[in-house]
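A.B. asks: fold the stuff below for me.
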Amino acid sequence: MADLILFVGSNFPFGQFVFNKEAAFIQVDTDLTKFGRRHHVDLAILGDGIDVLKRLVDKTAPRTADKWLLANKENIKNWHSWRQSFYEDQSLPLREEPVFKEINRIATEDAIFVTDVGNVTIHSVRHLEMTGKQAFTTSGWFATMGYGLPGSLGAALSFPHRQVFSLSGDGGFAMVMQDLITQVKYQLPVINVVFSNQSLGFIQAEQEDTNKENFGVDLLDIDFAKVAEAMGAKGFSIRSYEELAPAFEAAKNANLPVLIDVKTHSSRPLPVEDLQLDEDLFSSDTINNFKERYQVFTMPILKDLLK
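C.D. replies: Numbering: from 1, shown residues only. Model prediction:
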């Protein structure tokens with residue numbers, strides 16, 4: 001675990017559960033109330049994160065790339081290569097990656113992504129190719145399902161000249177889908193993407209991790225596109241890879257709210273917090289089953305890259 005943590009402009013919900021409690025902690029923020037919220041602070045710097053980082057770089061001397069740096073660069077390269085390998089996947093039901101490929105394709109340079117809570121949060125963090133000028137928001141600490149759609153209202157009204165996406169699972173969207181009426185009423189051209197997998201996938205994963213039977217996680221296959229049309233928005237129901245690009249192209253050019261309901265598989269996202277790939281920790285059968293389940297065949301672990 002890290003013995004020094006540089007914490008810049010972040011609130012990092014649940015950080016206190018994953019950070020090394022003994023690590024030295026340097027926190028940079030413009031908000032005094034955030035100092036010490038997730039970890040004891042050894043050095044607090046009140047200031048803009050970008051400015052502070054630039055000054056830190058100016059005061060440091062370059063160093064040659066060592067084995068640790070090169071291994072980590074290779075590790076992140078392998079990670080991006082693995083996740084992007086599914087961008088063209090046409091298997092049915094659809095994977096989430098081809099959907100994010102289309103979102104990234106039509107997203108403007110300063111688009112705003114309002115992400116609901118659940119597996120969609122995991123996929124958004126992994127697959128949105130942020131430009132640096134785009135904005136991303138979710139309900140991190142309270143993990144409030146149903147955040148995506150009403151959050152997009154606030155974004156569209158606050159930044160009327162920027163493109164706004166709401167990204168939701170079918171569970172979170174079903175809780176607040178009536179807010180489409182408000183989008184229609186005020187002619188807010190929000191692009192609403194619903195990942196419909198007929199399950200509360202994040203809760204299902206939690207039940208798996210705690211060795212509980214699946215209970216209360218099954219959802220019906222609702223045609224949210226028809227719901228949107230009934231409320232006055234434009235709706236698309238997507239069940240095949242070929243339908244993705246035309247729907248997103250239409251959404252990009254629309255001057256009214258659009259809902260794209262993508263029927264996706266219900267498989268669990270790769271649990272990066274519990275990778276079962278280390279031969280020193282897991283049996284060959286466990287590793288092979290893990291690789292097969294998550295289709296992770298060409299991504300060596302960091303320990304192997306350091307050899």
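
A.B. asks: strands of this protein, start to end?
C.D. replies: With DSSP state E, the ranges of strands along the chain come out as 4-8, 24-29, 43-46, 112-115, 135-137, 164-169, 191-196, 234-238, 258-263.

A.B. asks: ok, and what's touching the fourth one?
C.D. replies: This means strand 112-115. For strand 112-115, contacts defined as CB atoms under 8 Å, 6 or more residues apart in numbering pick out 107, 121, 124, 128, 134-138, 147-148, 151-152, 154-155, 159, 162-168. Placement of C-beta: from N, CA and C, glycine included.

A.B. asks: among the strands of the chain, which is nearest Leu92?
C.D. replies: strand 258-263 (8.6 Å; CB to CB).

A.B. asks: can you count the residues close to Val163?
C.D. replies: Actually, residue 163 is Gln rather than Val. Residues near Gln163, counting by other CB atoms under 10 Å, number 21.

A.B. asks: ok, now which ones touch it?
C.D. replies: The contact partners of Gln163, by CB under 8 Å, 6+ apart, come to 107-108, 110-112, 191.

A.B. asks: any chance of JSON lines for these, columns distance to Ser266, neighbour count and pLDDT?
C.D. replies: Shown next, in JSON lines, are the contacts of Gln163 (distance: CB to CB, whole Å; neighbours: other CB atoms under 10 Å; pLDDT from 0 to 100):
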{"residue": "Ala107", "distance to Ser266": "26", "neighbour count": "22", "pLDDT": "98"}
{"residue": "Thr108", "distance to Ser266": "31", "neighbour count": "13", "pLDDT": "98"}
{"residue": "Asp110", "distance to Ser266": "33", "neighbour count": "14", "pLDDT": "98"}
{"residue": "Ala111", "distance to Ser266": "28", "neighbour count": "23", "pLDDT": "98"}
{"residue": "Ile112", "distance to Ser266": "28", "neighbour count": "23", "pLDDT": "98"}
{"residue": "Ile191", "distance to Ser266": "24", "neighbour count": "24", "pLDDT": "98"}
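
A.B. asks: fine, thanks again, bye for now.
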